[in-house]
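S.K.: Sequence first, then the predicted structure:
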Amino acid sequence: MTTEEMTERLIERVRQMKSGVSFVDLVDAIGEEARGEHSIESGLPQLKNIVWWSGLSETFIAAFASREFRDVVEPYSCSVLVYMFDGAMLGLPLAKRQRPYKKPHWMPMTFALKKMRGERKCK
């Protein structure tokens, strides 16, 4: 599967589920081609050693980091309970705040479609 095809599948999964989409959901949408030896980290110096998910392929990371994906999907920090419910967690200490850490910490994230300009917000 190409990076572009994987990007489209990731976006489609978020569209189907609308919100609260975990990395477990995203990986399941792709299958074995999503699995590998790499991790996604925040990448921001002020959030040093914050890991979002691991066990990912290079192609998955490229699709996740693509402009097409970032243009329509946004991340939200979430409760670890989301991942407990989905049946997968990382074996890292939990990041309790958005700050730099000396050692890797896991920050559970979910994803949802970005609100489009003029779209009515429902609560």
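M.R.: Thanks, I have it. The shown structure was predicted, so the numbers you read here are calculated from the model rather than taken from an experiment.
S.K.: which residues touch stretch 28-45?
M.R.: Outside stretch 28-45, the residues that touch it by Cβ atoms under 8 Å, 6 or more residues apart in numbering are 1, 6, 9-10, 12-13, 23, 26-27, 48-61, 64, 100, 104, 107. Where you see a C-beta, it was placed from the backbone N, CA and C, and this is true even at glycine.
S.K.: Of those residues, select the buried ones using a ChimeraX command.
M.R.: In ChimeraX, this line selects whichever of the contacts of stretch 28-45 come out buried by 16 or more other Cβ atoms under 10 Å:
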select :1,6,9,10,13,23,26,27,49,50,51,52,53,54,56,57,59,60,61,64,104,107
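S.K.: In strands, which of the contacts of stretch 28-45 appear?
M.R.: Counting by DSSP state E, the part of those found in strands is 50, 51, 52, 53, 54, 55, 56.
S.K.: tell me the contacts of the second one?
M.R.: Residue 51 sits next to 39, 40, 41, 90, 92, 104, 105, 106, 107 when contact means Cβ under 8 Å, 6+ apart.
S.K.: what about the first one, how many neighbours?
M.R.: Residue 39: 16 surrounding residues under other Cβ atoms under 10 Å.
S.K.: so what does the longest helix seen in the chain touch, helix or strand wise?
M.R.: As assigned by DSSP state H, the longest helix anywhere in the chain is helix 3-17. Other elements packing on helix 3-17 under the criterion 3 or more Cβ pairs under 8 Å, 6 or more residues apart in numbering; DSSP states H and E are helix 23-30, helix 58-64, helix 67-72, strand 73-77, strand 109-113.
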